[in-house]
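Sequence and predicted model, in that order:
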Amino acid sequence: MEKILEVKDLSVSFQTYGGEVQAVRNVNFDLYKGETLAIVGESGSGKSVTTQTIMKLIPMPPGKIKSGQILFEGKDIVPLSDKQMEKVRGKEISMIFQDPMTSLNPTMKIGRQIMEGLIKHQNMSTSSAKERAIEMLRLVGIPMPERRVNQYPHEFSGGMRQRAMIAIALAANPKLLIADEPTTALDVTIQAQILELMKDLQSKMNTSIIFITHDLGVVANVADRVAVMYGGQIVETGTVDEIFYDPRHPYTWGLLASMPSLENDDKSELAAIPGTPPDLTNPPKGDAFAARNPYAMQIDFEEEPPLFQISETHFAKTWLLHPDAPAVEPPDAVKRRMRKLSSTFDKPVLVKGGK
Amino acid sequence: MQQISKDKFQIVGNEGINSEKIEKPSLSFWKDVSIRFRKNKLAMFGIVLLVLLVFFAIFGPYMTEYDYAKNDLMNTNKAPSSEHWFGTDDLGRDVFTRTWEGARISLAIGVLAALIDFTIGVLWGGISGFKGGRVDEFMMRTADILYGVPYLLLVILLMVVLGQSLGTMILAMTITGWINMSRIVRGQVLSLKNQEYVLASRTLGAGLTRIMGKHLIPNTMGPILVTMTLTVPAAIFTEAFLSFLGLGLTPPLASWGTMASDGLPALKYYPWRLFFPATFIALTIFAFNVIGDGLRDALDPRLRK
Amino acid sequence: MAEKLLEIKNLKQHFNVGKPNLVKAVDGVTFDIYKGETLGLVGESGCGKSTTGRTIIRLYDATDGQVLFNGEDVHGKKNVSELKKFNRKMQMIFQDPYASLNPRMTVADIIAEGIDIHGLAKTKQERMEQVYDLLKTVGLNKEHANRYPHEFSGGQRQRIGIARALAVQPEFIIADEPISALDVSIQAQVVNLLKKLQNEKGLTYLFIAHDLSMVKYISDRIGVMYFGKLVELAPADTLYKNPLHPYTQSLLSAIPLPDPESERTRKRVSYDPSVHNYEDNEKVEMREVAPGHFVYCSEKEFKQYKNAYIK
């Protein structure tokens, strides 16, 4: 499959009064054409900063790309100027946000907001842009699009606004769509509709999607592959089945175990992850997760774990996969979901140098 | 791969680690504001300017041997010299002494006006916003009506009825001056009163005084402070303006306004008589304005681009 | 079952009464809450679940209806000391960990607010000791007392909010979406804490949320609200296994589960209120289809549901 995006060794920092916040630390990942990659992690894990960096939407200063490359279709977009980025944004890469109300312009008609990008990026005439806007609204499932194009955002309900946002984002046929918690603010029934819509549009337009969320249910629903972020780093990445049925990183275990299951009536205590996320002004030495990790080993407090490969597509950054590490049992809630996957290597393999 | 000792691979767990620990030093809101404020060079310049002005207002009149009200008809309209640093006026009074004597009055008027605006405005706006409904309607319409009264007419009326004095002047300025403050406070209170921390306080059984004093006012202090710092120069300017029109203080009392007013006819021949009071009015207003701006930026860093 | 702690009878909360934009946020809701139980209240935004909670605790004056706490009408009370007594018995935990703590107060002052209002500590030292105890109860410690809210993470702030509510030793706590703004890993912390406190102190909860899986985990019984009305009320497991009202069914079918396989095969049902097709003279009300399982339905639907239940 063709790679559309390669993020290599990306580090992003913010200068604040309290010191330098290392929001993203040496992140590597790829995205293939037409696939959905979900990035999961708690707030402050760096998931939003990573994607905003891809769009180059972080304010600089105080933000700064300390190192790394972002190859979009093989071309590095890190050195691009604002002017050059304008050609990429909206046309090649689009983004939808959590709160449709603040990301839509309240004084501009919905139709106009869709047309804007088309006229700017594709040199469309006003009339054909309007036709396309109506077509887009119909595509995202907004009834009576001919009338709706002339309405303002406040005349739309929450779910309809998010649909309109998607219409705006997809109007120019971008190759990559970044969705930053697009359904978090929505009710479950509306969320289900939006997720269905996104999957449907993806299959029609062959767009690649990076989907940021902290809801593992949503991840299971939309993702082909999953990257789990913690403390500014990707700690585990694999196909959706690998992450849900054969997770290896203790943080992923923690995430999965902290969710109650709808099916069984188990009322025993949830396996919460204790404590709070690390302060990235002073990232802890060794494994950032060590202080909250019941499986932490001495080495976790001293040295950063390397990346181990578990299958062709599955990587985890934890010392637990080291040959010398003792065999540990994941929490019960995780053990219940564990399966033997055919693609798994016999033994985890240490990944040498970077990726 | 380098060899790692096998002992390092013992599970030690996370028992006994205080993962709730906060590493950063504790920083209160006002400490944070002061750090940001001090980074603002222009605002700090305003502070320095203001400190100098206040210093001279206090000590200036004692620096010379002259009395601000004493005529010296032998030495009228003298140009600035080593004897009379800012020259003398048409009655031979020392302009330097009068300038700082005037500064006292001008600054006092500014500060007093700001304090009175603060007291009435915060109470009025706070209660209006918190009570809401009919109370709010009544209080705000009252303010609107007062605001609609032609200002100069009111001042002239007051001067006629109560006589020209410093007290009348301050009364005239504050009779409508607090309205702006009360509107700002009301707006803030309206948006804050449904914040969850206020609701929490209500469910705990807090009364009006506590909610106002502990929750609403402290969280409105930012905009209140900014408004106050901007009220001071406005009041100073109004005083100068009224005095200039002859509606202000009566001689021999000096304020920058009366001095400028006296100095204007002599502008052609004795420019220093207008120059000094006018310059200090401008400097004071400038100082307060940059401080106000600096405060606003420090209080709400998102506003700054 | 145990004794009733709270009886909510035909509670109504209408906004903008007498104006064209009348909103019937809560429109005739009736339910009981038993001592020591957790009653979950779910529904989509705007269904009136939060308004119900806020009306119960008197943040709003009810348009109509009664709230009985231990048999006493909460909304009839007028004098200050009686109200204060009531304020100590019923407390609330709020949704937004960022908006629910006053940014200008230290954590100690925030937690001690109830202690101060009700004069529960005689000396400064006693006050601080109570604060330290409360901090310990919610898994924080002494060192946190003199810090300001913005220095804490969302989960820590939520625990501070819980400590504030506990300071007056309430019997009943309304938790208004206490976890929906938190990360998954932190949600479990807060839910575990709430459960622990319930066991230790015999608290009763009204747990308002839209995250159905957490609600099911923490609740003994669950009520489902739709447009100001309670449409179904049943024991938690029953509601998930045998949802009767079509709205409950659609809500349950929409929850994404953390299991890719079931997600691939999931079928969503949508709810269309016109399926009921009620006639004008039909009486639609809460009816008990099975013991403890109430559904808002008409006589005709009631029979259908009953038949479905037997199968």
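Thanks, I have it. Numbering: from 1, shown residues only, chains lettered A, B, ... in the order given.

Could I get the full set of strands for chain A?
Ranges of strands in chain A, per DSSP state E, are A:3-16, A:19-32, A:36-40, A:63-72, A:75-76, A:93-96, A:176-180, A:208-213, A:225-230, A:233-239, A:308-309, A:315-316, A:349-350.

what about those strands, which gets the closest to chain B?
Among the strands of chain A, the nearest to chain B by Cβ to the nearest Cβ is strand A:349-350 (6.5 Å). Bear in mind the C-beta positions are built from the backbone N, C-alpha and C, glycine included.

quick one: is the closest one near chain B?
Yes: using Cβ under 8 Å from any Cβ of the partner chain, we find that strand A:349-350 touches chain B at A:L350.

Considering the strands of chain A, which stretch scores lowest in mean pLDDT?
Lowest mean pLDDT within these: strand A:349-350, at a mean of 82.

ok, A:I299 - contacts?
Applying Cβ atoms under 8 Å, 6 or more residues apart in numbering or on different chains, we find A:I299 in contact with A:286, A:305, A:319, A:322, B:4, B:8-9.

Of those - the most surrounded one?
A:W319 (26 neighbours; other Cβ atoms under 10 Å in any protein chain shown).

Give me the longest helix you can find in chain C.
The longest helix of chain C (DSSP state H) is helix C:184-201.

Give me the contacts around it.
Outside helix C:184-201, the residues that reach it (Cβ under 8 Å, 6+ apart) are A:42, A:214-216, A:254-255, A:258-259, A:269-274, A:276, C:36, C:38, C:137-139, C:153-155, C:158-159, C:162, C:166, C:169, C:175, C:178-179, C:182, C:203-205, C:207, C:211, C:214, C:217-218.

which of those residues are close to chain B?
A:274, A:276, C:139.

from what I can see the last one touches A:T276, true?
No: under the criterion of Cβ atoms under 8 Å, C:G139 is not in contact with A:T276, lying 10.5 Å apart.

quick one: contacts for the closest residue in space to B:W124 that isn't next to it in sequence?
Spatial nearest neighbour of B:W124, excluding adjacent residues (Cβ to Cβ, 6 or more residues apart in numbering or on different chains): B:S182 at 4.2 Å. By Cβ under 8 Å, 6+ apart, the contact set of B:S182 is B:120-122, B:124-125, B:128, B:143.

so which of those is the most crowded?
Counting by other Cβ under 10 Å, top hit in the contacts of B:S182: B:G125 with 29 neighbours.

And what about it, helix, strand or coil?
helix (DSSP: H, G, I helix; E, B strand; the rest coil).

Which one of the residues in the stretch 101-250 of chain A is closest to chain C?
A:G217 (3.3 Å).

Tell me where the stretch 151-300 of chain B is predicted with low confidence.
B:251-252, B:300 (pLDDT under 70).

Within range of chain C, give me the residues from it.
Near chain C, when you scan the stretch 151-300 of chain B using Cβ under 8 Å from any Cβ, you find B:195-197, B:199-206, B:210, B:214-215, B:218-219, B:221.

count of residues packed around residue 101?
Just so you know, I chose chain A. 15.

nope, chain C
Neighbours of C:L101 using other Cβ under 10 Å come to 26.

go on, A:V226?
27.

Repeat that for B:V149.
For B:V149, the count of nearby residues is 11 (other Cβ under 10 Å).

element containing the residue lying closest to it once chain neighbours are set aside, please.
Sequence neighbours aside, B:T176 is the residue nearest to B:V149 in space, at 7.0 Å (criterion: Cβ to Cβ, 6+ apart). Assigned by DSSP states H and E, B:T176 belongs to helix B:166-192.

moving C-terminal of that helix, what's the next helix or strand?
Following helix B:166-192 in sequence order, the next helix or strand is helix B:196-203 (DSSP H and E).

ok so, going back, pull the contacting residues for the residue nearest to B:V149.
So B:T176 contacts B:146-147, B:149, B:151, B:154 (Cβ under 8 Å, 6+ apart).

my guess is C:Q13 meets C:T55, correct?
Yes: under the criterion of Cβ under 8 Å, C:Q13 makes contact with C:T55 at 4.8 Å.

now stretch A:231-245, how far from the centre of its chain.
12 Å (Cα atoms, centre = their mean, to the nearest Å).

And it, end to end?
With Cα to Cα, to the nearest Å as the measure, the ends of stretch A:231-245 fall 23 Å from one another.

Establish whether it and chain B are in contact.
No: under the criterion of Cβ under 8 Å from any Cβ, chain B is not reached by stretch A:231-245; the shortest gap measures 12.2 Å.
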